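Undergrad: Starting from these lines, generate the structure:
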Amino acid sequence: MNELFGTLSDGTPVHRWTLERAGTRVRVLSYGGTVQSVEVPDRAGAAADVVLGFAELEGYLAHPEPYLGALVGRYANRVAGGRFELDGRSHELARNNGPNALHGGERGFDKHVWEVAPVEHGVRLTRVSPDGEEGFPGRLEVAATYTLDGDGALRIAYEAVTDAPTVVNLTNHTYWNLAGTGDAGGHELRIAASRFTPVDADLIPAGAPQDVPGTEFDFRQARKTGSGYDHNFVLDKGVTDRPVEVAELHDAASGRVLTVATTEPGIQLYTADHLDEPLAPGAGIALETQHFPDSPNRPDFPSTVLRPGEVYRSETVYGFSVR
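TA: You can find the predicted model right below:
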């Protein structure tokens, strides 16, 4: 189902698409490729919205920084100093996070209206990012397909091609609260990662990945998330051709379980400690599947370089169940 959700100040319409299958209802906005809501049942069969979002377009326009449910790009996470070098050329990016570039810059993919077309059990969003947008080189053609699987899982598949060497790192920035309300810090989380990337005061990776045993970053066995996290975890599986399950989030009270499967080598855990009104700190947990932060400046990290003739592909599946 497609309906008008609102209108931007320049008159551009924003539409909302509703996907329903196998007990899952998802609403997606053409503005920012945003996942506005995800409704799934608890163990008693009562449905609730388990993601953070705004009821009206004005909420997203007035509070852009949390990136609620947004499709983030060209480069999710941070690029140190807002610059990188590729093939001997230096590229200066928009610096929107102190000295660094974050989530694509001042007007990243989350702040554009995407073209949307229906596909079987979902929608396909497309846009062209022109050469030089926010400082990134190359004309980038991007597609993101949101579908519901037969078991009600939400699948997001990304593709991109370029006409010049560039860097790409796409993700979805949904915040999960499986209780549907309150603080999400009591959720239990498991991540299949034996290492994480330590960061400096600006949240830029500092040094080599470190082992998680004996640290607060050990989520190899499920435990409560608590607070204080905005860190990349190095997934044990690495980059894969097909999505592999890497994380599980569980709310004991409702019984709801979220599983995350991805082709990506990393997952950013953000416990949303800095959310401002009308939201509340800790109201949701972001699990952003992606390549590592600052990879364009770190040749020791998995590459995010995309060249002409290549196709960028990334896929993440969010599964829902109860126990």
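Undergrad: From now on I want contacts and neighbour counts done on CA atoms only, so please keep to that.
TA: OK.
Undergrad: any idea how far the residue of the chain positioned farthest from its centre is from G104?
TA: Most distant residue from the mean C-alpha position of the chain: G88, 30.1 Å away (C-alpha atoms, centre = their mean). Distance, G88 to G104, by C-alpha to C-alpha, to the nearest Å: 22 Å.
Undergrad: E134 belongs to a strand?
TA: No - membership of E134 in a strand is not supported by DSSP: H, G, I helix; E, B strand; the rest coil, which gives helix.
Undergrad: ok, how many other residues are close to the residue nearest to T147 when sequence neighbours are not counted?
TA: Closest residue to T147 apart from its sequence neighbours, by C-alpha to C-alpha, 6 or more residues apart in numbering: G122 at 4.1 Å. Neighbouring residues of G122 were enumerated by other C-alpha atoms under 10 Å; the total is 23.
Undergrad: going forward, begin numbering at 506 instead of 1
TA: OK, 506 is where the count begins now, so the last one is G627.
Undergrad: so who does G627 touch?
TA: With contact set as C-alpha atoms under 8 Å, 6 or more residues apart in numbering, G627 has these partners: 524, 650-653.
Undergrad: Bridged to it, which residues?
TA: V624, T652 (DSSP bridges).
Undergrad: do you know how far the residue lying closest to I709 once chain neighbours are set aside is from F797?
TA: Spatial nearest neighbour of I709, chain neighbours left out: A585 (6.4 Å); criterion: C-alpha to C-alpha, 6+ apart. Relative to F797, A585 is positioned 12 Å away (C-alpha to C-alpha).
Undergrad: So the two - more neighbours on which side?
TA: More crowded of A585 and F797, by other C-alpha under 10 Å: F797, with 29 against 24.
Undergrad: Need the nearest residue in space to the more buried one, chain neighbours excluded.
TA: G771 (6.0 Å).
Undergrad: ditto for D554
TA: E544 (4.3 Å).
Undergrad: Looks to me like that neighbour is in a strand.
TA: Yes - the assignment for E544 (three-state DSSP) places it in a strand.
Undergrad: Got the confidence number for it?
TA: Looking at E544, its pLDDT is 98.
Undergrad: Would you check that it makes contact with A551?
TA: No - with contact defined as C-alpha atoms under 8 Å, E544 does not reach A551; the gap is 9.7 Å.
Undergrad: Of the two, which one has the most company?
TA: Neighbours were counted for E544 and for A551 using other C-alpha under 10 Å; E544 has more, 19 against 10.
Undergrad: how much space between that one and A697?
TA: 26 Å.
Undergrad: Kindly report the same for T652.
TA: 25 Å.
Undergrad: Just want to know which of those two has more residues nearby.
TA: Neighbours were counted for T652 and for A697 using other C-alpha under 10 Å; T652 has more, 24 against 20.
Undergrad: Please name the residues that touch the more buried one.
TA: T652 neighbours (C-alpha under 8 Å, 6+ apart): 524, 625-628, 659-661.
Undergrad: next one: V751
TA: 696-698, 740, 764-767.
Undergrad: among these, who's most crowded?
TA: Of the contacts of V751, with other C-alpha under 10 Å as the count, T767 tops at 29 neighbours.
Undergrad: From T676, how far out is it?
TA: From T767 to T676 the distance is 11 Å (C-alpha to C-alpha).
Undergrad: what sits in contact with each of those two?
TA: T794.
Undergrad: hang on, E563 in a helix?
TA: Yes - per three-state DSSP, E563 lies within a helix segment.
Undergrad: That one - how many residues pack around it?
TA: 12.
Undergrad: the helices in the protein, which residues?
TA: Under the criterion DSSP state H, the chain carries helices at the ranges 562-567.
Undergrad: about what we covered before: correct me if wrong: the residue nearest to F797 contacts T745.
TA: No - between G771 and T745 there is no contact under C-alpha under 8 Å: 11.2 Å.
Undergrad: Mind checking which of those two has more residues around it?
TA: Comparing G771 with T745 by neighbour count (other C-alpha under 10 Å), the higher total belongs to G771, at 28 against 13.
Undergrad: Strands of the stretch 656-805 of the chain, residue ranges please.
TA: Here the stretch 656-805 of the chain has its strands, by DSSP state E, counting those that start in this stretch, at 659-667, 671-672, 676-677, 680-681, 693-696, 698-701, 715-716, 728-729, 735-740, 749-755, 761-767, 771-775, 790-795.
Undergrad: Need the contact partners of the first one.
TA: In other words, strand 659-667. Against strand 659-667 from outside (C-alpha under 8 Å, 6+ apart): 643-654, 675, 811-824.
Undergrad: swap in stretch 700-719?
TA: 583-585, 603, 698-699, 722-723, 735-741, 798-799.
Undergrad: switch the cut-off to 7 Å
TA: 583, 585, 699, 723, 736-739, 798-799 (C-alpha atoms under 7 Å, 6 or more residues apart in numbering).
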